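*Asks:* Below: sequence and its predicted model.
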Amino acid sequence: MLLHNLGGLFTGDAGAPTSGVDAIGIRDGVIVAPSEAAGTARLDARGGWAMPGLWDGALNLYFGDHTPTLSATGALAASVGFGVTSVVAPRPAPVPGAVATARFQRELAVLTMKSWVHDRPRGLHVHTSAVTGHPEWDAEDLQDLAACGADLLFLPAALAPDDALRLAKDARDAGMRIGLALGGADAVDPVALDDLLVAARPELAAPVNAAGLPVGVVDRLVAADGLALGLVLTGDLAVAARVCRACVERGEPGRPFLGTGTPDDRGVLPAGMALLVDVLGAAAQLPPALMVAMASGNVARAFGRPGGQLVPGQPADVVVLGGDGGFVSPWLHRPAATLIDGRPEETG
């Protein structure tokens, strides 16, 4: 396919968030140079801009709808209509009433990874290779999880320091990356956090705008060089705006990455990512192109995944915005077209 007559691109690259390119080539589900797609099907963007499909970097998965009023199943599929093409589950899907023993949590993580290999509502990419550490796991547990596809271990901030450091070492030995799973005011010891940042060398921390997280902890995380910082719609948006702004002022716009944190007790919101881009951009006074990058390329990079950028060689997950130029938010107007793996998905 040749996607042509574009007004420009939101690239998904926080270092260079816009481009004047007026055409994108797609072949075998991958972005290629326009010249490599000549003679194929054509899609006229009518002057609209293109952006990478949004990545929800904090999607809470489910095994069935245990609370049908939330309609989690329908919300995940409906999010495609608001520009979402990939979701990341930072933890296994919960099972109501289950006792969280070490063995249960290990098997639940495996079940989550296996269950979502082929379940792709409306073509969505669903990434489930992150697991949350249990204090009773040992090196063999982590080797088994890695063999099943796990590549990121989240260390809950409430873990005892010795357990956290042991799990981090065993996870590194198993080939995994390390993340910090943050909680509220009572879940993070600033002194232990400093030790963990130095000894475990985590690649990411989330959600940095968790309600009640102490200001000093947030500032310490922002000061940690290179640490990707997850921000969620269901957290403190004033803190999220401050973190985004601080990273930009430090010359590190590629560090914040966005997610909805839904479904949660307040319900579901299929348009949550588009809303977060709008609200957070306004609060932080940052341009839409940069916020799109924080909701696409930054997320993919934080989780070590391909995609999230409109450059040759990347997956052809492309959203064509309506209008005759500039940014027309999917929160306010449905996209003119959404392509996942180069295939158009209905956006209505």
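*Replies:* Alright, I've got the coordinates.
*Asks:* What ranges does the stretch 101-250 of the chain have for its strands?
*Replies:* For the stretch 101-250 of the chain, the strands defined by DSSP state E, counting those that start in this stretch occupy 125-127, 130-132, 152-156, 177-181, 204-206, 228-232.
*Asks:* Roughly how far does the nearest residue to D195 once chain neighbours are set aside sit from R266?
*Replies:* Excluding the flanking residues, the one nearest D195 by CB to CB, 6 or more residues apart in numbering is P161, at 6.2 Å. (C-beta placed from N, C-alpha, C; glycine too.) In this view, P161 and R266 are 33 Å apart by CB to CB, to the nearest Å.
*Asks:* Neighbour count: these two, which is higher?
*Replies:* Looking at P161 and R266 with other CB atoms under 10 Å, you find the greater number of neighbours at P161, namely 14 against 10.
*Asks:* I'd assumed D194 was in contact with that one.
*Replies:* No - judged on CB atoms under 8 Å, P161 makes no contact with D194 at a distance of 10.5 Å.
*Asks:* rewinding a little: what's the closest of the strands of the stretch 101-250 of the chain to G57?
*Replies:* Closest approach to G57 among the strands of the stretch 101-250 of the chain (CB to CB): strand 228-232, 5.9 Å.
*Asks:* Would you mark the buried spots in that closest one?
*Replies:* By 16 or more other CB atoms under 10 Å, the buried positions in strand 228-232 come out as 228-232.
*Asks:* Show the low-confidence segments of the stretch 201-348 of the chain, by residue range.
*Replies:* Along the stretch 201-348 of the chain, segments meeting pLDDT under 70 span 324-326, 346-348.
*Asks:* just the helices in it please.
*Replies:* Secondary structure of the stretch 201-348 of the chain (DSSP state H, counting those that start in this stretch): helices located at 215-223, 237-249, 272-284, 288-294, 297-302.
*Asks:* Give me the residues contacting stretch 15-35.
*Replies:* 1-11, 36-38, 40, 50, 253-254, 287, 289-290, 292-293, 310-316, 318, 339, 341-343 (CB atoms under 8 Å, 6 or more residues apart in numbering).
*Asks:* just to revisit the earlier point, just give me the closest of the buried residues of strand 228-232 to R172.
*Replies:* Nearest to R172 out of the buried residues of strand 228-232 is A228 (CB to CB; 17.2 Å).
*Asks:* Could I get the strands of the stretch 101-250 of the chain in a markdown table, plus columns for distance to K169?
*Replies:* Shown next, in a markdown table, are those (distance: least, CB to CB, whole Å):
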| stretch | distance to K169 |
| --- | --- |
| strand 125-127 | 25 |
| strand 130-132 | 16 |
| strand 152-156 | 11 |
| strand 177-181 | 10 |
| strand 204-206 | 18 |
| strand 228-232 | 21 |
